[in-house]
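> Structure, please.
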Amino acid sequence: MVRVLFVCLGNICRSPTAEGIFRAMVAEAGLAESIEVESAGTAAYHIGDGADPRSVRAARDRGYDLSRHRARQVHGADFETFDYVLAMDHENLRELESMRELRAVRRAQAQAPEAGRQLAQVSLLLDFAPQLQVREVPDPYYRRHDGFDIVIDMVEDAARGLLEHIRSRHP
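Numbers count the residues shown, from 1 in each chain. Next comes the predicted model:
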């Protein structure tokens, strides 16, 4: 089982969109039993909330379902549970790298039995879409309405690249 966690700040716009898109691509590829997909936020602002209605609407218009999403915050155990923790932007990436490093230190200090398992790979989602020539998925929360469609376009490209990456590394 390969586990993927998408992360943005509040877990109501970008990361649930990435989760919904990637989940649909995984299902379409017949890999739903092999790839687990979730999303989370680095901040606790929206814990328990559904996805932003603008994200839900834009995703629904493109054939993706975000209606069951409930926001949650990233926690240290995620770096042991997931294989890939993918940030939407550099700010969240820095936060995730700090959290991962703290988890590694605590595991080493505790000499925990799971210390032998490698911690998740932490990177930017758009690392899997180099053709876009941008590194960050912009936060549409305070932007124009079309920002949600732009996020979907970018995430679709990156999700295809991520799926191909996983297929090549985890046959």
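
> would you put the C-alpha positions of the helix or strand of the chain with the lowest mean pLDDT in PDB?
Among the helices and strands of the chain, helix 90-110 carries the lowest confidence by mean pLDDT, DSSP states H and E, at a mean of 93. As requested, the backbone C-alpha atoms of helix 90-110 are provided in PDB (Å, rounded to 0.1, in the frame of the first residue of the first chain):
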ATOM      1  CA  HIS A  90       6.900  26.600   0.000                       C
ATOM      2  CA  GLU A  91       5.500  28.000   3.300                       C
ATOM      3  CA  ASN A  92       3.700  24.700   4.100                       C
ATOM      4  CA  LEU A  93       6.700  22.700   2.800                       C
ATOM      5  CA  ARG A  94       8.900  24.500   5.400                       C
ATOM      6  CA  GLU A  95       6.400  23.700   8.100                       C
ATOM      7  CA  LEU A  96       6.200  20.100   7.100                       C
ATOM      8  CA  GLU A  97      10.000  19.700   6.900                       C
ATOM      9  CA  SER A  98      10.300  21.100  10.400                       C
ATOM     10  CA  MET A  99       7.600  18.700  11.700                       C
ATOM     11  CA  ARG A 100       9.300  15.700   9.900                       C
ATOM     12  CA  GLU A 101      12.700  16.600  11.500                       C
ATOM     13  CA  LEU A 102      11.100  16.900  14.900                       C
ATOM     14  CA  ARG A 103       9.500  13.500  14.500                       C
ATOM     15  CA  ALA A 104      12.800  12.000  13.400                       C
ATOM     16  CA  VAL A 105      14.500  13.400  16.500                       C
ATOM     17  CA  ARG A 106      11.800  12.200  18.900                       C
ATOM     18  CA  ARG A 107      11.900   8.700  17.300                       C
ATOM     19  CA  ALA A 108      15.600   8.500  17.700                       C
ATOM     20  CA  GLN A 109      15.400   9.700  21.300                       C
ATOM     21  CA  ALA A 110      12.800   7.200  22.200                       C
END
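
> From the contact counts, what lies against it?
strand 2-8, helix 78-81, strand 84-87, strand 121-124 (3 or more CB pairs under 8 Å, 6 or more residues apart in numbering; DSSP states H and E). All C-beta atoms are positioned from the backbone trio N, CA, C, and that covers glycine.

> So in this protein, which helix runs the longest?
Counting by DSSP state H, the longest helix found in the chain is helix 147-169.

> Show me which positions of that helix end up buried.
Within helix 147-169, the residues that count as buried by 16 or more other CB atoms under 10 Å are 147-149, 151-152, 154-159, 161-163, 166.
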